[in-house]
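Undergrad: give me the fold of what follows.
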Amino acid sequence: MTNGSATIVQKLWNYCNVLRDDGMSYGDYVEQLTYLLFLKMADERAKPPYNQPSPIPAKYNWQSLLKKDGDDLFDHYRHLLEKLGQEKGLLGLIFGKAQNKFQDPAKLRRLIVDLIDKENWSIMSADVKGDAYEGLLEKNAQDTKTGAGQYFTPRPLIQAVIDVMAPKPNETICDPACGTGGFLIASHEYIAKHYKLTKDQKRFLDEKALWGWELVQNTARLCAMNFMLHGIGGDTLPITVADSLASDPGERFEMVLTNPPFGKKSSTTIVAENGKASKEKETIARDDFWATTSNKQLNFVQHIKTLLKQHGRAAMVVPDNVLFEGGAGETVRRKLLHECDVHTLLRLPTGLFYAQGVKANVIFFDKKPASETPWTKKLWIYDLRTNKDFTLKTNPLKRDDLDEFVKCYNPENRHSRKPTWSEKNPDGRWRAFDYEELINRDKASLDIFWLKDESLEESDNLPEPDVIAREIVEDLESALEQIREIVEDLECKG
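TA: Residues are numbered from 1 along each chain as shown. A predicted model of the protein is given here:
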């Protein structure tokens, strides 16, 4: 993050601490900032040198807010949010279902006049204002009580994934569970930095290359603003607020990058006439899927296979259950290994994600044409989990922690990889497994590890007590989640 963006984040974040005394959550604060920043930038762009027509009706523009104070400001702000939320397109996406979460008109006035109006947001570089907003999103994700962390993928992990996937100009890139847009924005930055783009390529990158789906309206709103502040998108933003798993959208993409929300089951709460609530499992049956299941993660694997063009490339964060679960899980893995080139698996350490108790991986595969023989020849696995310990606060993951993985992946020519593991070097974290070896494992499990866990070998190597305590908490929360799913299954059957 640059000094300029860090200063702005600090200013905006310090003010959040004032508002928390009024009972406003981090998430509510970032949301209110989004509405006000959008209005301010629309106002700036309607003036020289931009002279763009404003999408905001004059009655509800930024100047209308500056003219009001006290209860008049409160009433006008509430009315403004309601009216703009009824608009179509970009306005509807930003302001849909918007509500005023301020309790004190004086605090709203101070945010408008003293903080947002004093900055010229349009003149700032996309890096500064984009980084500033990303900083706020990350701080929001750290507030684990709100659950916002499930929409936020650690940026060092995203950067490493983008570095090995190496998106190119004129490629279309999709995230079917885009959250606040981390993968798509990082792809945009990578292409802009690594290529000298023609005018047409730049326009394509800004307006047509990136596509996202997001189920939650509030998160889609944050993603839309994140795009705008990074200079992405034209009059319309390529974000669809919908359940991407519901159907095949028809479009196909050169690249899919995604970290779908954790949690295995898709379910809908049904409230009967007597007021009793019950869960109805959403078992997704689609003609383009290999298996019918209510496991959301397995459905995302199948959905991504559909979204890819022939020879398209995918990188997807998946929890461990996708690698070893039987039934539909085994069917999906066997089909994926046969019909796609599943070439790389990155085993991630715990302590990376704001959602607790998650053991995850990144799986990389390419879609291939129909073939009688399997496309997967070798699966290369990098183990960043065994004997590694990261925490969100005291030892967060950094981009250079993934340097060896990026080097081993060999994005310049991944067909000439060399293992770091051997009989002589049993501590090597990078090795390959042949297709026959994979397919003959119990349930075609891809949950493969070979390194000795040092903490289990010698009592002298035990982690610090706080690390042990955190791992116990994560394991218990993971077990509780599985128990909840079993209870929900039983309730559905009952």
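Undergrad: low-confidence ranges, the stretch 51-200 of the chain, go.
TA: 143-151 (pLDDT under 70).
Undergrad: okay, helices next: where are they in it?
TA: Remark: helices assigned in the stretch 51-200 of the chain by DSSP state H, counting those that start in this stretch are 62-66, 70-85, 89-95, 105-110, 126-142, 155-165, 182-194, 199-207.
Undergrad: Thr258: which of those is closest?
TA: helix 182-194 (6.6 Å; C-beta to C-beta). C-beta: built from backbone N, CA, C; applies to glycine.
Undergrad: list the buried residues in the closest one.
TA: For helix 182-194, the neighbour count (16 or more other C-beta atoms under 10 Å) marks 182-192 as buried.
Undergrad: make JSON lines out of the residues you listed and add distance to Glu325.
TA: Formatted as JSON lines, the buried residues of helix 182-194 follow (distance: C-beta to C-beta, whole Å):
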{"residue": "Gly182", "distance to Glu325": "27"}
{"residue": "Phe183", "distance to Glu325": "25"}
{"residue": "Leu184", "distance to Glu325": "29"}
{"residue": "Ile185", "distance to Glu325": "32"}
{"residue": "Ala186", "distance to Glu325": "30"}
{"residue": "Ser187", "distance to Glu325": "30"}
{"residue": "His188", "distance to Glu325": "35"}
{"residue": "Glu189", "distance to Glu325": "35"}
{"residue": "Tyr190", "distance to Glu325": "33"}
{"residue": "Ile191", "distance to Glu325": "36"}
{"residue": "Ala192", "distance to Glu325": "39"}
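Undergrad: among the helices of the stretch 51-200 of the chain, which comes closest to Asn413?
TA: Using C-beta to C-beta, these put helix 155-165 closest to Asn413, at 12.1 Å.
Undergrad: circling back: in a markdown table: the helices of the stretch 51-200 of the chain, plus distance to Arg333.
TA: Output for the helices of the stretch 51-200 of the chain, formatted as a markdown table (distance: least, C-beta to C-beta, whole Å):
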| stretch | distance to Arg333 |
| --- | --- |
| helix 62-66 | 53 |
| helix 70-85 | 44 |
| helix 89-95 | 37 |
| helix 105-110 | 53 |
| helix 126-142 | 31 |
| helix 155-165 | 21 |
| helix 182-194 | 23 |
| helix 199-207 | 35 |
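Undergrad: go through those and name the closest to Leu37.
TA: helix 126-142 (8.0 Å).
Undergrad: now the angle from the closest one to helix 182-194?
TA: On the basis of axes from the mean of the first three to the mean of the last three C-alpha atoms, to 10 degrees, helix 126-142 is oriented at 150 degrees to helix 182-194.
Undergrad: gap between helix 126-142 and the chain center?
TA: Offset of helix 126-142 from its chain centre (C-alpha atoms, centre = their mean, to the nearest Å): 14 Å.
Undergrad: which strands and helices lie in contact with that helix?
TA: helix 3-20, helix 26-45, helix 217-229 (3 or more C-beta pairs under 8 Å, 6 or more residues apart in numbering; DSSP states H and E).
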